[in-house]
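Undergrad: Below: sequence and its predicted model.
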Amino acid sequence: MKKLFHSALGLVIAVAVIVLVFSSVYILEPNEYAAVRQLGKIVRVDDTPGLRFKIPFVQTVQKISGKIIIYDIEESDVITRDKKSMIADNFVLWRVTDPMAYIRTLNAIQGRAEERIDAAVYNALKNTISSMDQDDIILATGEKLTEKITTAANKDIGQYGIEIVTSQIKMLGIPEDNEDAVYERMISERQNIAASYVADGAAEAQVIRNTTDKEAAVLRAEAEKQAAILEAEGEEEYLKILQEAYNSPEKAEFYEYMRGLESLKSSMKGSGRKVLVLDKDSELVEILYGTG
């Protein structure tokens, strides 16, 4: 009986030791916080993954996820600066950055955090859209709107120990009752832009043509000028050569003789009967009759 009592006592002590050990440790996962409370008051916050220790039965641990959480926000109506209605559908990625503030303000309840996020994102979205005309919003890049909305929303929720990593717009549409009017206006504006580009291109082409024609006219005038100069120089050189070639009476007489032959030859070209009427004293008469 005594032996049985000792065995039971040993078992109780072993169980108590095991319970004591397990009550003294806890495991912290990556991207996780642990708020250690002592008599209901937070005495520290652990954020290092691994095996951690606490005082058994005196301290308790409240774990809080530090992972990025996706939250889908319901569609909402927003009004642009030019008083046009649009429908926005977006979602956010958020996470806890200050577990102490998260516990103090929201009691670490995810639903409450998302209520604050919902309101902050809607206000940021409304203020951003209301500062832009509908056409500018349609033409704006998604990154530009995302950055503005995310920055504005984070200013409203920083006190809760949470952060919006990004607020992405899934869809920013137009109500069905004015879709056709908006699309027709967009088509008209694109056509006006296209016509402007065509007109600018035509004007630029005309400027290029005018410039080219002017340059061609200048080149042509310069070429004609150079040709006239060369022609005059050639005539001058020709006369100079003739003058040097026939600078004696014998050479001059021979030149006159050759010119007469060339004139006679030219006058006899062609078919049919040829009649020459010459002065009796002309050089051609002298050549024909051999009296020269």
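TA: Received the coordinates, thanks.
Undergrad: what bits of the stretch 1-150 of the chain have low per-residue confidence?
TA: 1-24, 141 (pLDDT under 70).
Undergrad: Go again with 90.
TA: For the stretch 1-150 of the chain, the stretches flagged by pLDDT under 90 are 1-31, 34-65, 74-90, 128-148.
Undergrad: Now residue 172: closest residue in space, sequence neighbours ignored.
TA: Once flanking residues are discounted, residue 172 sits nearest to residue 88: 5.4 Å by CB to CB, 6 or more residues apart in numbering. Yep, even glycine has a C-beta here, placed from its N, CA and C like the rest.
Undergrad: what are the pairing partners of the one helix or strand that neighbour maps to, and which direction each?
TA: Counting by DSSP states H and E, the element that carries residue 88 is strand 85-96. Strand 85-96 has the following strand partners under DSSP bridges: strand 69-72 (antiparallel), strand 76-79 (antiparallel), strand 162-173 (antiparallel).
Undergrad: Point out the most buried one among those strands.
TA: Most buried of these, by mean neighbour count (mean count of other CB atoms under 10 Å): strand 162-173, with a mean of 17.
Undergrad: Just to check, residue 51 is in contact with residue 27?
TA: Yes: in terms of CB atoms under 8 Å, residue 51 counts as a neighbour of residue 27; the distance is 5.9 Å.
Undergrad: Tell me which of the two has more neighbours.
TA: residue 27 (11 against 8; other CB atoms under 10 Å).
Undergrad: residues contacting that one?
TA: 50, 51, 52 (CB atoms under 8 Å, 6 or more residues apart in numbering).
Undergrad: which strands and helices sit next to the strand or helix carrying the second one?
TA: Looking back up the chat, that one is residue 51. Here residue 51 is covered by strand 50-53, with elements defined by DSSP H and E. Where contact means 3 or more CB pairs under 8 Å, 6 or more residues apart in numbering; DSSP states H and E, strand 50-53 is packed against strand 25-28.
Undergrad: in its sheet, what does the strand it packs on sit against?
TA: Sheet partners by DSSP bridges: for strand 25-28, these are strand 50-53 (antiparallel).
Undergrad: mind listing what's buried in the strand it pairs with?
TA: Going by neighbour count (16 or more other CB atoms under 10 Å), the buried part of strand 50-53 is residue 52.
Undergrad: So residue 36 is in contact with residue 44, correct?
TA: Yes: counting by CB under 8 Å, residue 36 does reach residue 44; the two are 5.0 Å apart.
Undergrad: Which one of those two is surrounded by more residues?
TA: Shown here are residue 36 and residue 44; by other CB under 10 Å, residue 36 has more neighbours (19 against 13).
Undergrad: Give me the contact list for the helix or strand in which that one is found.
TA: Using DSSP H and E, residue 36 falls within strand 32-38. Strand 32-38 has contacts (CB under 8 Å, 6+ apart) with 26, 28, 42-47, 49, 52, 54-55, 58-67, 96, 99-100, 103, 108.
Undergrad: pull the CA atoms of that strand into PDB?
TA: The C-alpha coordinates for strand 32-38 follow below in PDB (Å, rounded to 0.1, in the frame of the first residue of the first chain):
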ATOM      1  CA  GLU A  32       3.800  36.900 -35.300                       C
ATOM      2  CA  TYR A  33       3.800  39.000 -32.100                       C
ATOM      3  CA  ALA A  34       3.200  37.800 -28.500                       C
ATOM      4  CA  ALA A  35       1.900  40.200 -25.900                       C
ATOM      5  CA  VAL A  36       2.800  38.900 -22.500                       C
ATOM      6  CA  ARG A  37       0.400  39.900 -19.800                       C
ATOM      7  CA  GLN A  38       0.900  39.800 -16.000                       C
END
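Undergrad: right, and the helix or strand after it?
TA: Proceeding N to C from strand 32-38, the next assigned helix or strand is strand 41-46, under DSSP H and E.
Undergrad: Give me the mean pLDDT for stretch 216-231.
TA: Mean pLDDT, computed over stretch 216-231, is 84.
Undergrad: Next, residue 197: secondary structure please.
TA: Secondary structure state of residue 197, per DSSP: H, G, I helix; E, B strand; the rest coil, is helix.
Undergrad: quick one: it and residue 43, what's the gap?
TA: 69 Å (CB to CB, to the nearest Å).
Undergrad: tell me which residues in stretch 134-143 are buried?
TA: For stretch 134-143, by 16+ other CB under 10 Å, it's 134, 137.
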